[in-house]
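>>> below: sequence and its predicted model.
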Amino acid sequence: MLKEDCASTLKVHLAQSLPLPSNVNRPRIDLIVFVVNLHSKYSLQNVEESLHHVDATFFLGKVGFLATGAGQDNHCSIHRNTVLRLAHTYRSPLFFCDLEVEGFRATMAQRLVRMLQICAGHVPGVSALNLLSLMRSSENPFLEDV
């Protein structure tokens, strides 16, 4: 993400879990992306536990889920529908990506940077809620049945 061309300063903070330590110098948080490794049940458990520490207002377009390892279904410990249900429960977008493939990784970085720019208010006329509603309209209809 840091390699992407971005008009504003981009700061990425990686954390194994939430809550983050109290720090008065922490910059504003514009977007939270929960990464679920489809090859690790611990990864899903960690994300589920961390979700309880996120303020409800963030779920109005400023939270997303990224499921990694999607290209190797035969090695998955977590079924895709489990992650779909999680994202649906929190009304947040879900991206599937195989981060081992450079092209996919670069495309995902571009998408996340664009989403971050919108969530931070750097795209005139588009808000995090607008983005969320646009992404909702493209959801698969079967998601209601998951």
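Received the coordinates, thanks. Residues are numbered from 1 along each chain as shown.
>>> can you list contacts of the lowest-mean-pLDDT helix or strand in the chain?
Of all regular secondary-structure elements in the chain, judged by mean pLDDT, DSSP states H and E, the least confident is helix 128-137 with a mean of 76. With C-beta atoms under 8 Å, 6 or more residues apart in numbering as the test, helix 128-137 has contacts from 60-62, 91-93, 115, 118-119. Placement of C-beta: from N, CA and C, glycine included.
>>> my guess is Met108 contacts Ala67, does it?
No. The pair Met108 / Ala67 is not scored as a contact, 10.8 Å apart, by C-beta atoms under 8 Å.
>>> so how far is Gly61 from His75?
Counting by C-beta to C-beta, to the nearest Å, the separation of His75 from Gly61 is 32 Å.
>>> which of the two has more neighbours?
Comparing His75 with Gly61 by neighbour count (other C-beta atoms under 10 Å), the higher total belongs to Gly61, at 22 against 9.
>>> right, and the secondary structure at the more buried one would be what?
Put simply, Gly61 is coil when judged by DSSP: H, G, I helix; E, B strand; the rest coil.
>>> quick check, pLDDT for it.
Looking at Gly61, its pLDDT reads 90.
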